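**Student:** Predicted model and sequence follow; I will ask about them next.
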Amino acid sequence: MGVPKVIEMTLDALDTQNKIHVSFDIDALDSNVAPCTGTAVRAGLTLREGISIVEALRDTKRVQGMDIVEINPKLGTPQDVRTTVDSALEILKSMFGYRRSGARHYSNLDTGILGHEQ
């Protein structure tokens, strides 16, 4: 079925009059981009798929709040924590209209999403 079809079906099922609160469970993402969670998922959603979901909800112009849950910085290495936080920030920023350009390879990062040395 694929993520685009699921997004379409979800938006069709939503009441068009009500506001939306988005609760994004970080462990839906693949463990390569969100390793610091209690239930890491191999072959989970790609970061791009997660962003696409949030963008589609944002584009309804009915989102009134958002939270990102299930991040556990006590699990994993410092690099795992940075990777997970960077992914969460990408998801959150997409709700505010930020558009990524190009691919990010987390295993090769020298600086974080905010440009700070790690």
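**Tutor:** Ah, there it is.

**Student:** tell me the centre residue of this protein?
**Tutor:** The centroid of the chain falls nearest to Ile91 when counting by CA atoms, centre = their mean (3.6 Å).

**Student:** so which strand or helix has that one?
**Tutor:** For Ile91, the host element (DSSP states H and E) is helix 78-95.

**Student:** Send me that helix as CSV with only the CA atoms.
**Tutor:** Provided in CSV are the C-alpha atoms of helix 78-95 (Å, rounded to 0.1, in the frame of the first residue of the first chain):
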residue,chain,number,x,y,z
PRO,A,78,26.3,9.5,22.3
GLN,A,79,26.2,9.2,18.5
ASP,A,80,22.9,7.3,18.7
VAL,A,81,21.5,10.1,20.9
ARG,A,82,22.6,12.7,18.4
THR,A,83,21.1,10.7,15.5
THR,A,84,17.8,10.3,17.3
VAL,A,85,17.6,13.9,18.4
ASP,A,86,18.6,15.1,14.9
SER,A,87,15.7,13.0,13.4
ALA,A,88,13.3,14.3,16.0
LEU,A,89,14.3,17.9,15.1
GLU,A,90,13.9,17.2,11.4
ILE,A,91,10.3,15.9,12.1
LEU,A,92,9.5,18.9,14.3
LYS,A,93,11.0,21.4,11.9
SER,A,94,8.9,19.9,9.0
MET,A,95,5.8,20.8,11.0
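
**Student:** Can you list the helices and strands that that helix packs against?
**Tutor:** helix 47-58, strand 63-69 (3 or more CB pairs under 8 Å, 6 or more residues apart in numbering; DSSP states H and E). C-beta coordinates here come from the backbone N, C-alpha and C atoms, glycine included.

**Student:** I'd like to check the angle between it and helix 47-58, please.
**Tutor:** Taking axes from the mean of the first three to the mean of the last three CA atoms, to 10 degrees, helix 78-95 and helix 47-58 form an angle of 30 degrees between their directions.

**Student:** quick check, distance from the helix or strand of the chain with the lowest mean pLDDT to the centre of its chain.
**Tutor:** Within the chain, no helix or strand scores below helix 3-13, which has a mean of 90 by mean pLDDT, DSSP states H and E. Chain-centre distance of helix 3-13: 17 Å, with CA atoms, centre = their mean, to the nearest Å.
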